[in-house]
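Visitor: here is a sequence together with a model predicted from it:
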Amino acid sequence: MEVDRGQSAVIDAALIAPILVLILLMGYVIVSSNTSVFMLEKNEVRYTQDLTYAVLKSTVRYVWYDTTSGQKIILEDKTVEHLISEDLYLREHGDVWIPSLRTGLESKIDTILYNLTTPIYRYSLHASYHNVSFYIGAKYLPANRMSYTTYIDMPTNNDKATITLYVWRVS
Amino acid sequence: MYKENATSGFFEEIILFAVVSILFVSSITFAAYYSAMKATEYQKEELVNEVYNFVMKVMGYQPLIHNGVEGLFDYHKIKSVTMEDLKKDLTPNFKFSMTIEDVSDYYHYSKKWGNISNSYGYYRVVVIYPVDIWVSDHEIHAAKLEVVAWR
């Protein structure tokens, strides 16, 4: 008698388990199907390139920074491309108060990048020239990401600075 | 002893029948739902692809862009292009609304074509793309091109 009851419980468990699995599977499928599609993966490389050019071309109404001698420099209606090259130049020559570059100049570029980037992506812009560099956006890069590199003119010579924009999907 | 077992066995079979029936109906329902959802997902992906191609056409649409530069929309031209122009010249195979949203730190020159409140489609996709609005050679506004499409 006890042996029979034991067998019945095993059969019940064997029947209930697939039902539970099925319910969990249905729940997963329903939740995952609600995700909106904005961009197909095959188009993301072009997207990164176009985002780079859109941000570099755009102008910023007003930026500022402080020199090491305490003078406040104001720049108006300059392209992001120009501002990045000036930032690198100033960092290389050392006559600028670096925190003011972050607050008055790079944060404005960050705002533009943030506003331009489609909400399903995150970004990080890296700019470098000789032994100086800075980044705007996320500090750490995920392994799965897209990138686009371009070269811009430096203000005083024919040298080029390197700009790389990293973009990755977050949802 | 045998009678008890027989009675118990009978009820257990009813429960077993109910459980198997529920399992069977659930499986059929799920399979039907899943295949319908997959079909919708495929159609949705196809629409995203079409909308993306449409966005690429808009990026190079001469009546909108400045000096032939892709993705650089001329503020003065934006004002004059109508929804009918877009439909006639770019021939989209879906219903849509389109917005060029100025996201710069200047005065905003956004423009919208169509109305998404008229969207009663079975499914809807959104493609958002980074662009610029040319106001003058010294003033180029960062902007987003947003196309909402449905069927």
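Guide: Yep, it's here.
Visitor: quick check: which ranges of the chain have low pLDDT?
Guide: Reading this off chain A. A:1-19, A:22-38, A:171 (pLDDT under 70).
Visitor: that's the wrong chain, I wanted chain B
Guide: Applying pLDDT under 70 to chain B flags residues B:1-12, B:116-122.
Visitor: which stretches of it form helices?
Guide: B:2-59, B:75-80, B:83-90 (DSSP state H).
Visitor: dump those helices to TSV, plus distance to chain A and mean neighbour count.
Guide: No exception for glycine: its C-beta is placed from N, CA and C like everyone else's. Listed next are those as TSV, based on distance: least, CB to the nearest CB, whole Å; neighbours: other CB atoms under 10 Å in any protein chain shown:
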stretch	distance to chain A	mean neighbour count
helix B:2-59	5	13
helix B:75-80	13	14
helix B:83-90	18	14
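Visitor: what's the closest of those helices to residue B:146?
Guide: Residue B:146 sits nearest to helix B:2-59 of all these, at 9.2 Å, using CB to CB.
Visitor: give me the beta-bridge partners of residue B:133?
Guide: Here residue B:133 sits in beta bridges with residue B:73, residue B:141, as judged by DSSP bridges.
Visitor: state whether it and residue B:102 are indeed in contact, as I suppose.
Guide: Yes. Assessed by CB atoms under 8 Å, residue B:133 is found in contact with residue B:102 at 5.9 Å.
Visitor: okay, these two: which has more neighbours?
Guide: Comparing residue B:133 with residue B:102 by other CB atoms under 10 Å in any protein chain shown, the one with more neighbours is residue B:133, at 26 against 21.
Visitor: got the contact list for the more buried one?
Guide: The contact partners of residue B:133, by CB atoms under 8 Å, 6 or more residues apart in numbering or on different chains, come to B:72, B:73, B:74, B:75, B:78, B:100, B:102, B:104, B:109, B:140, B:141, B:143.
Visitor: out of those residues, who's the most crowded?
Guide: Counting by other CB under 10 Å, top hit in those: residue B:143 with 30 neighbours.
Visitor: against chain A, how distant is that one?
Guide: 8 Å (CB to the nearest CB, to the nearest Å).
Visitor: ok, back up a step: which of the helices of chain B sits closest to residue A:116?
Guide: helix B:2-59 (14.2 Å).
Visitor: give me the helices and strands touching the closest one, please.
Guide: helix A:2-33, helix B:83-90, strand B:95-102, strand B:124-136, strand B:139-150 (3 or more CB pairs under 8 Å, 6 or more residues apart in numbering or on different chains; DSSP states H and E).
Visitor: who are the packing partners of the second one?
Guide: So the one you mean is helix B:83-90. In terms of contacts (3+ CB pairs under 8 Å, 6+ apart), helix B:83-90 is packed against helix B:2-59.
Visitor: tell me which residue is most central in the chain.
Guide: Went with chain A since none was named. residue A:123 (0.9 Å; CA atoms, centre = their mean).
Visitor: correction: the question concerned chain B.
Guide: Geometric middle of chain B (CA atoms, centre = their mean) lands on residue B:125, at 0.2 Å.
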